[in-house]
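Trainee: below: sequence and its predicted model.
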Amino acid sequence: MNILAIETSCDETAMAVVSADGGLNNPRFSILKNTISSQVKIHRPFGGVVPNLAKREHEKNLPIVFQKISKDKLKQQIDLLAVTVGPGLEIALWPGINFAKTLSQKRGKPLVGVNHLEGHLYSFLLSQKTGNSKFNSFPAIKVKSLFPAIALIVSGGHTILLKMNDLTRYRKLGETRDDASGEAFDKVARMLNLPYPGGPEIEKLAKLGDSQIIDFPRPMIYAKNYDFSFAGLKTSVLYYLRDKKMTDKLKADVAAGFQQAVVDVLTQKTSRAAEEFQAKTILLSGGVAANKKLKASLKRKARQLKLNFFSPVFRLNTDNAAMIAAAAYINHLKKNKKTTGRIVAKPNLSL
Ligand code: KG4
Ligand code: ZN
């Protein structure tokens, strides 16, 4: 089946056409189109996403992106439409939902509402030819053999650890009690006068620094639960920078030290969960999963523990609509009433 998916939960207007088959036992996806119209340049001067501007840009971009997708001959029959219903900025979610509803009516095709976090969760199932990507995309093995699995979702709004018994049954083990990991990256970047979004900027700068020089705290790393907390780490960076002269060397060492602290906490807690629950696989997704240090650290740990490790290829870590199509397929097969019910914006939707 061919799925056209729309994602507008934050500052990317994204649309994709994905072909899916294989059912729940052997889901296979092929990305036919994957278009993202980024608003980063528009929000950058404000140091973060401005909701009203996001709405305006989505409304402007949706027909353009749709045109673009349809222009290179959208010959494939579309069987199912999918749209992100939450979590996200309510004002940004609606333009995507309204566009999808109109399309569904015009084409007489069913529409599924998708949880954005499930999009990230299932993004590991998408494989894409990326030339020399160092990291695995989904290989030709039976899905069943991957479970139980521990999934870490790290994004701008969420940091969640899940135990998956199979593809459709999962339970939350823990989540952040304050800032999400991506949010911490963005806030520390601002302290270092780096532009929004901060994650990629910190990663770039950290390469020039020494992660051993400043010993930032690793909050809750040995706590006997699977929750996270990044607000204290962010405050430590703030205190560290107080009264110091902001030299290039200092900035690079702070970026490297901060990044290492986040990577250590995420790696330690995820691998401990994998051991405790005798997982066969570690899954990593969400915008922060684009961070090469984090990816390499978890991959190394998984190898030590003799576990599978999957994370989507680089450009499918940050928000995109291909992952929404993948989650739509899984939900469509599962007939998930929770997400396929009334299609309205659900800004606080959880997993
Ligand atoms: O999943 P995503 O694209 O959007 C949300 O659902 O929130 O994640 C965006 C977050 C931002 O906080 C951004 O700074 C962070 O992911 N991010 C990174 C990197 N690339 C994006 N964080 C660390 N290192 C990166 N390379
Ligand atoms: Zn996201």
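Mentor: Arrived safely, thanks for sending. Ligands and ions are numbered 1, 2, ... in the order given.

Trainee: ok so residue 172 is a strand residue?
Mentor: Yes - assessed by DSSP: H, G, I helix; E, B strand; the rest coil, residue 172 belongs to a strand.

Trainee: number of nearby residues for it?
Mentor: 12 (other C-beta atoms under 10 Å). C-beta here means a position set from N, CA and C on the backbone, and glycine is covered the same way.

Trainee: these two touch, right, it and residue 158?
Mentor: No - checked against C-beta atoms under 8 Å, the pair residue 172 and residue 158 is beyond contact range at 10.7 Å.

Trainee: remind me what the longest helix anywhere in the chain packs against, helices and strands.
Mentor: With secondary structure taken from DSSP state H, the chain has its longest helix at helix 248-276. Helix 248-276 is packed against strand 149-154, strand 159-164, helix 181-191, helix 198-206, helix 231-241, strand 281-285, helix 292-304, with contacts defined by 3 or more C-beta pairs under 8 Å, 6 or more residues apart in numbering; DSSP states H and E.

Trainee: okay, those, which one's buried deepest?
Mentor: Ranked by average neighbour count under the criterion mean count of other C-beta atoms under 10 Å, the helices and strands packed on helix 248-276 are headed by strand 149-154 at a mean of 27.

Trainee: that one pairs with which strands?
Mentor: strand 159-164 (antiparallel), strand 281-285 (parallel) (DSSP bridges).

Trainee: I'd like the helices and strands packed on helix 248-276 as TSV, with mean pLDDT and distance to ligand 2 appended.
Mentor: Converted to TSV, the helices and strands packed on helix 248-276 look like this (pLDDT from 0 to 100; distance: least, C-beta to the ion, whole Å):
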stretch	mean pLDDT	distance to ligand 2
strand 149-154	98	8
strand 159-164	98	11
helix 181-191	97	8
helix 198-206	98	12
helix 231-241	97	20
strand 281-285	97	9
helix 292-304	97	15
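
Trainee: can you pull out the low-pLDDT segments for the protein?
Mentor: Low-confidence segments of the chain (pLDDT under 70): 72-76, 127-141, 336-341.

Trainee: picking that back up, reformat the helices and strands packed on helix 248-276 as TSV; add distance to residue 27.
Mentor: Formatted as TSV, the helices and strands packed on helix 248-276 follow (distance: least, C-beta to C-beta, whole Å):
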stretch	distance to residue 27
strand 149-154	14
strand 159-164	14
helix 181-191	27
helix 198-206	29
helix 231-241	37
strand 281-285	14
helix 292-304	22
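
Trainee: skipping adjacent residues, who's closest to the closest residue to ligand 2 within the stretch 51-200 of the chain in space?
Mentor: Distances between the stretch 51-200 of the chain and ligand 2 by C-beta to the ion are smallest at residue 155, namely 4.2 Å. Here the nearest residue to residue 155 in space, its sequence neighbours aside, is residue 286; by C-beta to C-beta, 6 or more residues apart in numbering that works out to 3.7 Å.

Trainee: from residue 118, how far off is the one you found?
Mentor: Residue 286 sits 12 Å away from residue 118, going by C-beta to C-beta, to the nearest Å.

Trainee: touching, residue 114 and residue 82? I think so.
Mentor: Yes - Residue 114 is within contact range of residue 82, at 5.2 Å (criterion: C-beta under 8 Å).
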